[in-house]
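3D, please:
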Amino acid sequence: MERALIVGLGNPGKKYEMTRHNLGQMVLFAFASRHQLIFKKDRELQGEIAQGTVKDKRVSLLFPTTFMNLSGQAVRKAMDFYKIDREGILVISDDVDLPFGTLRLRDKGSAGGHNGLKDIEENLKSQDYKRLRLGIGKPLVGYLEDYVLAPFTKEEQEKIPEFTTQAIDVIEEWLFQEMKEHA
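Numbering: from 1, shown residues only. Modelled structure (predicted):
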């Protein structure tokens, strides 16, 4: 694998920045900040892109600006443009089936009801890509859509910096493991 594509899912716009559904984007932007990678809008690729080298590994970071349910279009375009196969992709997304603060790295699997992941599967014609699932928990009452699009509670906000750091550590471990396996 010559280059990795790391995708952080979320919805574009200030309205959604601090919502549970944008946790993938938040982690992606924090990873970019740690490694001093700068995002630029790319209309052709339908997203914000940052590129650089992280410990001798070429990486492209993508935040699709298509809204969550159409994320697969941007992922497919970035894969084709940078000539990255599915083994070189890591998608970071929120997951209501995991308790808040839980991380799960998977090599493949179903979308689990996540519309952004469903669209990626449709555009890649496969479930065979790596994903880092970030637990946001389930609502005790109310509609799931309202819950994921709502801002974090104060208690959750206090835990986000540590949660984000843990997620970045997992991303780096994945990157460096991929480097070893494909050296």
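
First-to-last residue distance for stretch 107-121?
The first and final residues of stretch 107-121 sit 13 Å from each other (CA to CA, to the nearest Å).

pLDDT (mean, whole number) over that stretch?
The average pLDDT within stretch 107-121 is 86.

buried residues in that stretch?
For stretch 107-121, a neighbour-count test (16 or more other CB atoms under 10 Å) marks 111, 114-121 as buried. Any C-beta I mention is one placed from the backbone N, CA and C, and that applies to glycine too.

Between those, which sits nearest Ser71?
Within the buried residues of stretch 107-121, the smallest distance to Ser71 is 4.4 Å, found for Gly116 (CB to CB).

Test my guess that the closest one contacts Gln73.
No - contact criterion CB atoms under 8 Å: Gly116 and Gln73 do not qualify, at 11.1 Å.

related to what we said a few turns ago, so which of the buried residues of stretch 107-121 belong to helices?
The helices in this structure, assigned by DSSP state H, contain 115-121 from the buried residues of stretch 107-121.

Would you confirm that Leu132 belongs to a strand?
Yes - assigned with DSSP: H, G, I helix; E, B strand; the rest coil, Leu132 falls within a strand.

what's the spacing between the nearest residue to it once chain neighbours are set aside and Glu122?
Distances taken as CB to CB, 6 or more residues apart in numbering put Ile92 closest to Leu132, at 4.8 Å, once the chain neighbours are dropped. Ile92 sits 19 Å away from Glu122, going by CB to CB, to the nearest Å.

Over to Ser33. Which of the three states is it?
Following three-state DSSP, we place Ser33 in the helix state.

er, Leu37 actually
Under three-state DSSP, Leu37 falls in the coil class.
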